[in-house]
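Novice: the sequence and its predicted three-dimensional model are supplied below.
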Number of protein chains: 2
Amino acid sequence: MREGPDIARIASLVGDPARANMLSALMGGTALTASELALEAGVSLPTASSHLGKLMEGGLLTLASQGRHRYYGLAGPQVAGMIEAITGVAAAVGPQRVRPGPRDAAMRVARVCYDHLAGEQAVAMLDRLVDRNLLVRDDKEIGLGPSAASHFAAIGIDVGARPRRPVCRACLDWSVRRSHLAGSLGAAILDKILAEKWARREKDSRAVIFSPPGKQAFERVFLA
Amino acid sequence: MREGPDIARIASLVGDPARANMLSALMGGTALTASELALEAGVSLPTASSHLGKLMEGGLLTLASQGRHRYYGLAGPQVAGMIEAITGVAAAVGPQRVRPGPRDAAMRVARVCYDHLAGEQAVAMLDRLVDRNLLVRDDKEIGLGPSAASHFAAIGIDVGARPRRPVCRACLDWSVRRSHLAGSLGAAILDKILAEKWARREKDSRAVIFSPPGKQAFERVFLA
DNA sequence: TCAATCGTTCGAGCGCGGTCGAAACGTCGT
DNA sequence: ACGACGTTTCGACCGCGCTCGAACGATTGA
């Protein structure tokens, strides 16, 4: 009998199919209402509410009440990272009769991870940004290079704009097994990609689909 | 209803207290027998056997039969990483009435992570090895510096000895939130620390306790 | 103030899965 | 060959927790 952090308690929260579906849905990064999550999980509203209560009590979710709507979101990057880690094991261990359908292929190329871009494109982007010395890596921590502020400002991203959270952060990619860029800069870049309509989000999925011209624009700006 | 990797299936495996205890025990890195794991989890032998069967079926464990003993071990680093991630969330989210007892403090300083050293000491060690250019970091991947082979050979570690797995690898530390050194070199260093009796393993725990002279020796060799 | 919508709480049903004792199986000592 | 030990299988018990319908609470807009 060993003690320490109660890992079973956390894991069992994720272990219920309905709750797992809710958490997966929230990995999209946008906070959702109880009704939306009930639909997503395929359970009735009372059942969903009960699950949400448990996830809240477990500290995995945050709640923002706006009028009669109550928006649930992931509690933070650490929780998102855990979900990614579990997803990675599930994907590695369970290719049992689950062929990698077209949607999975799209997910591998580019997808939303909490609030930033993940997948092959995102990993390649971070590599290039480091190569170009716009970012400098030191372990999980990523710093801004000397010319970062002016460079990003030129494409409409103010790296000093959001004080609250670290500007850059590494986040491990479950499909590529290497890091991609998280943090407020990662979030801002995803915002830009969607705002410029370089890519659109697949309905009911985390997949991000680039249009052909959008892909070129993205590569010109971030993979050059 | 979303599909994709069956995260609930994996999480629910970890979600049972008995199985969680077994997995935590296996995070010590050494493979254990069914009886030992039953004792560790506080359940009867038949119950433990049932749990082990499920963990095997889920792909989280490997099995090595040696005579009438059957040794169970974690299936790989990815599984170990997932456990660490869950542990991190549990530790962050559940400081509810669980004060950081003396054992926890020791765990934070140095502990075994699968097969290598983790904790503050391990994080500091990786930092220093990189500073001294004995190792070079590139994302999760860590390479050997130019003088690495001769340096480590001088202290009795052959970095080319184990072909199977990557020599170096970064592993995220749940207490410090930065990376420490995994891979065969990480394992070899832990072996040396224990072989030289610089430190001993706490009974029934992952904690690694340095003796005062052992700590000095360790710091002279790896933190100089 | 009343109706409409969103969400939670209550109560009861019920099935899945954890639990253990007893027995069967397999391997190793002598 | 036999007995001892480690492990798995079988069968039965039992309770936790998921589930939903119905009722209650909350917030908004007319």
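Specialist: Nice, I can see it.

Novice: output the lowest mean pLDDT helix or strand found in chain A.
Specialist: Of the helices and strands making up chain A, the lowest-confidence element is strand A:169-172, at a mean of 57, by mean pLDDT, DSSP states H and E.

Novice: tilt between the longest helix along chain A and helix B:77-93?
Specialist: Longest helix of chain A, by residue count under DSSP state H: helix A:77-93. On the basis of axes from the mean of the first three to the mean of the last three Cα atoms, to 10 degrees, helix A:77-93 is oriented at 160 degrees to helix B:77-93.

Novice: do helix A:77-93 and chain B meet at all?
Specialist: Yes: using Cβ under 8 Å from any Cβ of the partner chain, helix A:77-93 reaches chain B at A:78-79, A:81-83, A:85-93. C-betas here are computed from N, CA, C, even on glycine.

Novice: isn't residue A:93 up against residue B:60?
Specialist: Yes: using Cβ atoms under 8 Å, residue A:93 is in contact with residue B:60, at 7.1 Å.

Novice: more neighbours, those two?
Specialist: residue B:60 (25 against 20; other Cβ atoms under 10 Å in any protein chain shown).

Novice: enumerate every residue touching that one.
Specialist: A:89, A:93, B:10, B:13-14, B:23, B:74-75, B:79 (Cβ atoms under 8 Å, 6 or more residues apart in numbering or on different chains).

Novice: dump the C-alpha coordinates for stretch A:107-123 into CSV.
Specialist: C-alpha atoms of stretch A:107-123 as CSV (Å, rounded to 0.1, in the frame of the first residue of the first chain):
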residue,chain,number,x,y,z
MET,A,107,-5.3,15.1,-37.1
ARG,A,108,-1.7,14.0,-37.5
VAL,A,109,-1.0,16.8,-39.9
ALA,A,110,-2.5,19.6,-37.9
ARG,A,111,-5.0,19.9,-35.0
VAL,A,112,-5.9,22.1,-32.1
CYS,A,113,-4.3,21.3,-28.8
TYR,A,114,-6.0,23.2,-26.0
ASP,A,115,-5.5,26.6,-27.5
HIS,A,116,-2.6,26.2,-29.9
LEU,A,117,-1.6,24.3,-33.0
ALA,A,118,-0.3,20.7,-32.8
GLY,A,119,0.7,18.0,-35.3
GLU,A,120,3.4,17.7,-37.9
GLN,A,121,2.9,21.3,-39.1
ALA,A,122,3.3,22.7,-35.6
VAL,A,123,6.4,20.6,-34.9
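
Novice: element containing residue A:221?
Specialist: Per DSSP states H and E, residue A:221 falls inside helix A:212-222.

Novice: same thing with residue A:72?
Specialist: Per DSSP H and E: residue A:72 is located in strand A:69-74.

Novice: what does chain A put close to DNA strand D?
Specialist: Applying Cβ under 7 Å from any atom of the strand, we find that chain A lies next to DNA strand D at A:12, A:16-18, A:43-44, A:46-47, A:50-51, A:54, A:67-68.

Novice: out of the residues you listed, who's the most crowded?
Specialist: Most neighbours among the residues of chain A next to DNA strand D, by other Cβ under 10 Å: residue A:51, with 23 neighbours.

Novice: ok, and the closest non-adjacent residue to that one?
Specialist: Nearest in space to residue A:51, with sequence neighbours left out and distances taken as Cβ to Cβ, 6 or more residues apart in numbering or on different chains, is residue A:19 at 5.0 Å.

Novice: does the one you found touch residue A:53 like I think?
Specialist: No: using Cβ under 8 Å, residue A:19 makes no contact with residue A:53, being 10.9 Å away.

Novice: could you pull out the helices for chain A?
Specialist: A:7-15, A:17-26, A:34-41, A:45-57, A:77-93, A:102-109, A:120-131, A:148-154, A:183-195, A:212-222.

Novice: pipe those helices into JSON lines and attach mean pLDDT per row.
Specialist: Below are the helices of chain A laid out as JSON lines (pLDDT from 0 to 100):
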{"stretch": "helix A:7-15", "mean pLDDT": "95"}
{"stretch": "helix A:17-26", "mean pLDDT": "92"}
{"stretch": "helix A:34-41", "mean pLDDT": "88"}
{"stretch": "helix A:45-57", "mean pLDDT": "93"}
{"stretch": "helix A:77-93", "mean pLDDT": "88"}
{"stretch": "helix A:102-109", "mean pLDDT": "70"}
{"stretch": "helix A:120-131", "mean pLDDT": "83"}
{"stretch": "helix A:148-154", "mean pLDDT": "83"}
{"stretch": "helix A:183-195", "mean pLDDT": "83"}
{"stretch": "helix A:212-222", "mean pLDDT": "87"}
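
Novice: indicate which one of those is closest to residue B:131.
Specialist: helix A:120-131 (18.9 Å; Cβ to Cβ).

Novice: what helices and strands are in contact with the closest one?
Specialist: With contacts taken as 3 or more Cβ pairs under 8 Å, 6 or more residues apart in numbering or on different chains; DSSP states H and E, helix A:120-131 sits against helix A:102-109, strand A:135-138, strand A:179-182, helix A:212-222.

Novice: would you turn these into CSV with mean neighbour count?
Specialist: Output for those, formatted as CSV (neighbours: other Cβ atoms under 10 Å in any protein chain shown):
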stretch, mean neighbour count
helix A:102-109, 16
strand A:135-138, 16
strand A:179-182, 26
helix A:212-222, 15
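
Novice: looking at the ones you listed, which is nearest to residue A:27?
Specialist: Nearest to residue A:27, of the helices and strands packed on helix A:120-131 and by Cβ to Cβ, is helix A:102-109 at 11.1 Å.
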